[in-house]
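>>> Model the following, please.
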Amino acid sequence: MSKVLVMTDTVACLPKELADKHGIVVVPASQITCDGKTYTEGVTITARQAYDIIKKDPDSFCTAAITPGILLEEFRKLAKKNPQIFFVTISSGLSAVAQSANVAADMLKDEFPKSRVVAFDTKTCAGAEGMIAIEMAKLAAKGRGLDELSKAAEAMRKVTGGVLMLDTVGYTYRSGRMSKSDALETAKKNIKPVNHMSDAGVMEFADLATDRIEGMKKMIAVVKKYAATDAMHFMVSHADSPDAAQTLIDMVKQEFKVLSMIVSDYSPVMGYSTGPGAMFIGFHPELGL
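Reported below is the predicted structural model:
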């Protein structure tokens, strides 16, 4: 058995079969509430079901950040099997998951004095976060300890990038960045912003397009700007837009030596404000960790 149990949150966009393959425990980054009903992402509501709700009535779709209490319950269950937990989290610049995890880890010590939880802030999200979780699980399976995983994750974070394109800005008011009227009016211009994850762990504007293919080309241009080499591992996540995702994947394969490619759903916990049709590319070179 591995010395360390690796976990991550649903914003990492890991397909279930891949998480299961690598023994990664996935916890909800947020609780989802629609019309008074509460759902657990990937358990009691699928990504497609969530996006159907977002398309029909976005204002009825609400999220609430996962609490230390919920994480504590998960840590308790896991600590009975393995007291060493490496939790790969969404950027603290986008969510309070890492902060909640640290609070829950301190609480866990009272019940399991020998437990140790490391909440690693990836300073990214979606596929970029998910790829870090996968690599850390591979290292854990080789018997690496918490300190070794922390060092390796720090090294990987420096060469892992993420690029996001919105298909519409019509949902951005959900994030508080624009008023609803401004967002809907701007959406009529068919603007598709392209953003990248900064070193500080927040989304920064990189470019914009007015049609999807142009936007994909600009996504690839941003990847080229930040990629360490032309031989890369990729993870493409899409917000209920599989056909567009395949087009993007085909374009990536034309421009890079693709060492591996993962395709997944873009978490509706993020998609409620980025909107259906959004796409995210996570990427990193061969690591040699």
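>>> Please make it C-alpha for all contacts and neighbour counts, starting now.
Fine.
>>> where along the stretch 151-289 of the chain do the helices fall?
For the stretch 151-289 of the chain, helices defined by DSSP state H, counting those that start in this stretch occupy the ranges 180-187, 212-226, 242-255, 268-274.
>>> Compute the distance between residue 18 and residue 32, please.
23 Å (C-alpha to C-alpha, to the nearest Å).
>>> any idea of the pLDDT on residue 63?
For residue 63, the pLDDT comes out at 87.
>>> and it, that one's in a strand?
Yes: when DSSP: H, G, I helix; E, B strand; the rest coil is applied, residue 63 is found to be in a strand.
>>> How about the contacts made by it?
With contact set as C-alpha atoms under 8 Å, 6 or more residues apart in numbering, residue 63 has these partners: 30-33, 269.
>>> Got the phi and psi for the nearest residue to it once chain neighbours are set aside?
Nearest in space to residue 63, with sequence neighbours left out and distances taken as C-alpha to C-alpha, 6 or more residues apart in numbering, is residue 32 at 4.6 Å. Per-residue torsions, residue 32: phi -110, psi 130 (degrees, to the nearest 10).
>>> Residue 32 - how many residues pack around it?
As a burial measure, residue 32 scores 22 neighbours (other C-alpha atoms under 10 Å).
>>> ok, what's across the strand from it?
As for beta bridges, residue 32 partners with residue 39, residue 63 under DSSP bridges.
>>> Could you report the distance from it to residue 139?
Counting by C-alpha to C-alpha, the gap from residue 32 to residue 139 is 32 Å.
>>> Give me the buried stretch members for stretch 196-210, please.
In terms of neighbour count (16 or more other C-alpha atoms under 10 Å), stretch 196-210 has its buried residues at 196-197, 201-203, 206-209.
>>> quick revisit: pull out the buried members of the contacts of residue 63.
30-32, 269.
>>> With distance to residue 181 and pLDDT added, can I get these in TSV?
As requested, the buried ones among the contacts of residue 63 are exported to TSV (distance: C-alpha to C-alpha, whole Å; pLDDT from 0 to 100):
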residue	distance to residue 181	pLDDT
30	27	84
31	27	84
32	24	90
269	22	91
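>>> In a markdown table: those, plus distance to residue 48.
Listed next are the buried ones among the contacts of residue 63 as a markdown table, based on distance: C-alpha to C-alpha, whole Å:
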| residue | distance to residue 48 |
| --- | --- |
| 30 | 17 |
| 31 | 16 |
| 32 | 14 |
| 269 | 12 |
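>>> Now for the residues you listed: which two are most distant?
Greatest spacing in the buried ones among the contacts of residue 63, by C-alpha to C-alpha: 31 and 269 (8.5 Å).
>>> deepest of the helices of the stretch 151-289 of the chain, which one?
Across those, averaging neighbours per residue (mean count of other C-alpha atoms under 10 Å) puts helix 268-274 on top, at a mean of 24.
>>> With only the CA atoms kept, save that one in PDB.
The C-alpha coordinates for helix 268-274 follow below in PDB (Å, rounded to 0.1, in the frame of the first residue of the first chain):
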ATOM      1  CA  PRO A 268     -20.000  23.000 -13.600                       C
ATOM      2  CA  VAL A 269     -18.800  24.500 -10.300                       C
ATOM      3  CA  MET A 270     -16.700  26.700 -12.600                       C
ATOM      4  CA  GLY A 271     -19.000  26.400 -15.600                       C
ATOM      5  CA  TYR A 272     -21.800  28.300 -13.900                       C
ATOM      6  CA  SER A 273     -19.900  31.500 -14.400                       C
ATOM      7  CA  THR A 274     -17.900  30.700 -17.500                       C
END
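>>> Was I right to think residue 206 contacts residue 197?
No: contact criterion C-alpha atoms under 8 Å: residue 206 and residue 197 do not qualify, at 9.6 Å.
>>> any idea what sits nearest residue 144, other than its immediate chain neighbours?
What sits nearest to residue 144 in space, not counting adjacent residues and going by C-alpha to C-alpha, 6+ apart, is residue 3, at 6.9 Å.
>>> can you pull the pLDDT of the one you found?
On the pLDDT scale, residue 3 gets 87.
>>> For residue 166, grab the count of nearby residues.
With other C-alpha under 10 Å as criterion, residue 166 counts 27.
>>> How much space separates the closest residue to it other than its chain neighbours from residue 149?
Among residues not flanking residue 166 along the chain, residue 278 sits closest, at 4.4 Å (C-alpha to C-alpha, 6+ apart). Going from residue 278 to residue 149 by C-alpha to C-alpha gives 31 Å.
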